[in-house]
Structures are given as structure tokens and as C-alpha cells.
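>>> from the sequence below, what's the structure:
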Amino acid sequence: MRELGIEAFLGAMEDGATAFDVRTLAEFEKGRIPGVLNLPLFEDEERVVVGTLYKEEGRQRAILEGLGYVGPRMRELVERVEAEVGAASGPVLVHCWRGGMRSQSVAWLLELYGFDVCVLKGGYKSYRHWAIAQMEEIPPLLVVGGRTGVGKTEILWALRDMGEEVVDLEGLANHRGSAFGGLLLGEQPTQEHFENMLGMALARARRSGRPVWVEDESRMIGFRHLPNTLIKAIHDSVCVVVDAPLEQRLNRLVDVYGDAANTLLADAFERIKKSLGGLRTAQARGALEGGDVRKAAALALEYYDKAYAKGIARRASDRVIELDVQGAPHEVARGLIELRDAIALTGEAV
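Coordinates of the predicted model:
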């Protein structure tokens with residue numbers, strides 16, 4: 001059994017080693033290292049019992065109780081690992097909260113069976129420190145801005161397909177960023193796990209040494225907030241504004257949100273009622289009741305276009321560039337790359 005620091009542990013994962021988080025399912029769902037699999041040594045209730053015994057009656061009493069829980073399923077733990085990894089050769093990576101008894105116990109069992117096992121020194125806690133540190137060192141950014149419906153997310157995906165460094169903040173947050181942004185997407189990750197994924201994404205993007213494309217975002221993406229360092233970097237970076245005709249923007253909004261239930265769309269309009277106004281909100285609800293999602297989307301754009309105009313006006317004018325290329329996402333992405341290269345040739349910092 002070997003101990004690995006966090007950098008070596010993550011490096012082994014990138015090289016293809018399978019990693020297991022032996023904390024409980026509740027701990028795992030709250031936040032985890034991206035890419036690890038959950039292999040809980042204890043159920044949630046069992047961990048509470050063992051932890052209480054450790055505090056009140058000591059280490060040996062807690063170990064005996066823990067063995068009573070784990071003993072009958074030791075075979076199950078080994079078989080689960082073998083099913084994921086294959087033959088008992090490894091390497092297999094294991095961690096718990098602090099690199100203590102849970103990970104050491106599972107590592108002993110797997111090593112006894114024949115796996116080459118490595119334990120994360122400091123456990124998940126060490127990853128949290130590492131992830132937070134990544135968010136303190138923001139790489140150079142290029143920001144894609146534009147009004148609602150221009151397809152900024154699809155443009156970022158096209159940039160990624162072309163080999164550019166991209167961090168899709170809305171993808172990590174599982175939210176499109178507006179009052180309607182959570183529709184049809186399911187639950188957002190916890191704030192802790194959002195930060196874990198963001199730290200990993202920033203670290204990976206930073207390695208290339210190239211500017212990283214991100215979308216222009218406010219502090220909140222749904223119910224998840226961006227770190228202050230990233231917000232400041234976004235606001236201080238060059239923002240390239242993309243645009244699209246109104247009809248194309250409406251088409252995109254209908255394609256994205258048209259399958260959502262009218263009640264959910266109506267609830268979203270209620271959330272912007274104060275800014276949209278009572279009359280416009282009532283008109284939008286009426287359009288939805290009549291099955292005219294497009295008309296409702298047009299009313300929403302009245303609000304979002306005004307909000308965007310105010311936001312872009314707060315940026316330094318010399319850090320805002322309007323792209324004169326429109327069209328399919330890959331065409332706009334190509335225009336962004338050409339603009340980036342032109343800026344680099346002038347020697348202007350991005």
C-alpha cells in the first residue's frame with residue numbers, strides 16, 4: 001500500500017487508474033473528486049453510530065462495531081472493485097475523508113486480494129484544499145458575451161471541438177443562467193461539488209498556457225455562485241460580443257424551452273415579473289395558455305435585452321469588441337479564433 005499526494009493521485013487518475021471514494025453515499029453526493037466511483041465502507045446511519053462510539057467509548061469499541069457492519073460485505077466490496085477494474089492487478093486508488101481508517105481498511109482488504117493499491121494522503125480534504133487553490137489562480141480569459149438566445153453555449157462547444165481551451169461554467173452548474181435556465185435540466189450539483197468540478201476544469205485549462213474561453217456570467221448561475229476571483233477575471237478580461245438576428249434567437253429559445261410544461265414556464269415568468277412588469281407578465285402567461293411559446297419568448301427577450309445592455313455598459317469600453325461574424329456556431333467560433341489571433345499579433349494582452 002502506497003500513499004500519494006493529491007497531484008500524484010490526480011495524475012494517476014488521468015493515466016487511467018480507477019479511483020474509489022469509500023465515504024458514505026451522503027458524503028459522496030455532497031461533493032467528490034470528479035471521476036471517482038463511490039464504494040462506501042459504511043451506510044450513512046452506520047457511520048453515525050461508529051463515529052459516536054469512537055467519541056464516547058473509544059477507538060477499539062468503534063472498530064468492533066464497524067467490523068460487525070463491514071464483515072458480511074467484504075466480498076461484495078472486492079467484487080465491486082474487480083468488476084470495475086478487471087483482474088486483481090490494479091492500480092487501484094482509494095480515499096476517504098482524511099486518509100484515515102476507512103481508506104486504510106479498504107486498501108488493506110484490496111491489497112490482500114491482490115490489487116496494487118494507493119491511498120490519497122489527506123483524503124478528500126486534501127482535494128478540497130487543492131480545488132479551492134485552483135480558483136485563486138485564474139488563467140488568462142477570453143469572454144464570449146451576447147444577448148440571450150445568440151447561442152453562446154453552442155459557440156463554446158464549437159470552440160472546444162476546434163481544439164480551443166474552454167471552461168463551460170453553465171455546463172458545470174447544470175443551469176443556463178436565467179430565470180428559465182434550470183428547465184429540463186434536472187438538479188444542480190451542490191455548491192461544494194460545483195467548486196470541485198470548477199477547480200479541476202481551471203487546472204486542466206491552465207496547463208496549455210493559452211487563453212481560456214468562458215461565457216460572460218453574473219455571480220450566480222441558478223443557485224450556484226462563482227468565486228470572487230473568477231468574477232473579477234471575467235469582468236476585467238476582453239469580452240467579445242456575438243450577435244444573431246431576432247428571429248434566429250427566438251427559434252433557439254423555442255427549441256431549448258418549448259418542451260417545458262407551461263406551468264414551469266409561467267413560474268419562470270413570475271420570477272422576473274418585477275422587472276418585466278405586470279402587463280408583460282400577464283401577456284406572456286396568456287401566450288403560454290394559448291400555446292404560443294414564441295410570443296412568450298419575445299416578451300422575455302424584452303427584459304433580458306435591457307438587462308444585458310446595462311451589464312455590458314458597465315464594462316470598460318476598450319475591453320469590449322463586437323464580432324461582425326454571424327451564422328452557425330462553428331462559423332462564429334472560427335471568427336472568434338481569428339479575432340483572438342489578430343489581437344495576439346498586435347501584442348495586446350488578453
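>>> residues touching the nearest residue to residue 244 once chain neighbours are set aside, list them.
Nearest non-adjacent residue to residue 244, counting by Cβ to Cβ, 6 or more residues apart in numbering: residue 150, 4.4 Å away. Heads up, the C-betas are built off the backbone N, CA and C, glycines and all. By Cβ atoms under 8 Å, 6 or more residues apart in numbering, the contact set of residue 150 is 242-244, 249, 252.
>>> of those, keep whichever come out buried.
For the contacts of residue 150, a burial check counting by 16 or more other Cβ atoms under 10 Å picks out 242-244, 249, 252.
>>> which of those fall in strands?
residue 242 (DSSP state E).
>>> where does pLDDT dip in the stretch 201-350 of the chain?
345-350 (pLDDT under 70).
>>> mind putting the contacts of residue 150 into TSV with distance to residue 319?
Output for these, formatted as TSV (distance: Cβ to Cβ, whole Å):
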residue	distance to residue 319
242	16
243	18
244	22
249	24
252	27
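>>> and the helices in the stretch 101-250 of the chain, which stretches?
101-113, 123-134, 152-161, 169-173, 191-206, 228-236, 246-257 (DSSP state H, counting those that start in this stretch).
>>> which outside residues touch the second one?
Helix 123-134 is contacted from outside by 5-7, 10, 21, 23, 27, 31-33, 95-100, 103, 120, 122, 192, 195-196, 198-200, 202-203, 206, using Cβ under 8 Å, 6+ apart.
>>> that one to helix 191-206, inter-axis angle?
Put simply, helix 123-134 runs at 60 degrees to helix 191-206, going by axes from the mean of the first three to the mean of the last three Cα atoms, to 10 degrees.
>>> pull the longest strand from the protein.
Secondary structure of the chain per DSSP E: the longest strand is strand 141-146.
>>> export that strand to CSV, keeping only CA atoms.
Written as CSV, here are the backbone C-alpha positions of strand 141-146 (Å, rounded to 0.1, in the frame of the first residue of the first chain):
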residue,chain,number,x,y,z
LEU,A,141,-9.6,34.5,-20.1
LEU,A,142,-11.4,35.5,-23.3
VAL,A,143,-15.1,36.1,-22.6
VAL,A,144,-17.9,35.4,-25.0
GLY,A,145,-20.7,37.8,-24.5
GLY,A,146,-24.0,38.4,-26.2
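>>> how about residue 234, nearest residue that isn't a chain neighbour?
Nearest residue to residue 234 in three dimensions, chain neighbours excluded: residue 143, at 5.7 Å (Cβ to Cβ, 6+ apart).
>>> okay, now the domains of the protein?
For the chain, automatic domain parsing gives the domain ranges 2-131, 135-346.
>>> start and end of stretch 83-100, how far apart?
Length of stretch 83-100, first residue to last, Cα to Cα, to the nearest Å: 25 Å.
>>> hmm, I was thinking of stretch 317-328
With Cα to Cα, one end of stretch 317-328 sits 27 Å from the other.
>>> just want the most central residue of the chain.
residue 172 (2.1 Å; Cα atoms, centre = their mean).
>>> quick one: contacts for that one?
By Cβ under 8 Å, 6+ apart, the neighbours of residue 172 are 189, 194, 197-198, 201.
>>> repeat that for residue 17.
90-93, 118.
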